[in-house]
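Peer 1: I would like the atomic coordinates for the input below:
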Amino acid sequence: MVENSVGVHLSSKVASTCFYQLRRLRQLRCLLGPEVYAVSVTRRLLSLHNAAARLVLSLNLRDHVKPALKQLHWLTVVYRIRFKLCLLMHHVHFGTAPQYLTDAVQSVTSASPRSGLRSANNAKCQTLY
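Peer 2: Purely as a prediction, here's the structure:
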């Protein structure tokens, strides 16, 4: 029972520290350009992701984390973001996404007079905002 409460406390402390760091990054957003801010946030998420994998598998700081990510079946941060975007667009394409997402995305073929072109069968989309 004591081990369980220590684990809960530790995970709560890790989560609060992560959110603190993300709030610090948000404060710097006005000083940095959007590209620099995105890279900085991605690096923070990547280091957090790697630290979580090391914690779960009890690895040292010098151990490589890629085999650990494979063992845990975790995607890297960049591929996870790409997967989430693809999943959202899949839901938009098949009409299972929330209405606000469906309203924000429009098919390229319906946006321009391309009905007679071969690319009219293409499933490319564009945002409306």
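
Peer 1: burial measure for residue 47, as a count.
Peer 2: Neighbour count of residue 47, defined by other Cβ atoms under 10 Å: 13. Any C-beta I mention is one placed from the backbone N, CA and C, and that applies to glycine too.

Peer 1: And the pLDDT at it?
Peer 2: We note a pLDDT of 83 for residue 47 in this prediction.

Peer 1: Same question for the one 10 residues further on.
Peer 2: Listed pLDDT for residue 57 reads 89.

Peer 1: so residue 60 sits in a strand?
Peer 2: No - with DSSP: H, G, I helix; E, B strand; the rest coil as the criterion, residue 60 is assigned coil and is not in a strand.

Peer 1: residues contacting it?
Peer 2: The contact partners of residue 60, taken as Cβ atoms under 8 Å, 6 or more residues apart in numbering, are residue 54.

Peer 1: Quickly note the distance from it to residue 107.
Peer 2: Here the criterion is Cβ to Cβ, to the nearest Å. By it, residue 60 lies 50 Å from residue 107.

Peer 1: Next: residue 19.
Peer 2: Going from residue 19 to residue 107 by Cβ to Cβ gives 38 Å.

Peer 1: Which one's more surrounded, the two?
Peer 2: Applying other Cβ under 10 Å to residue 19 and residue 107 shows that residue 107 carries more neighbours, namely 16 against 10.
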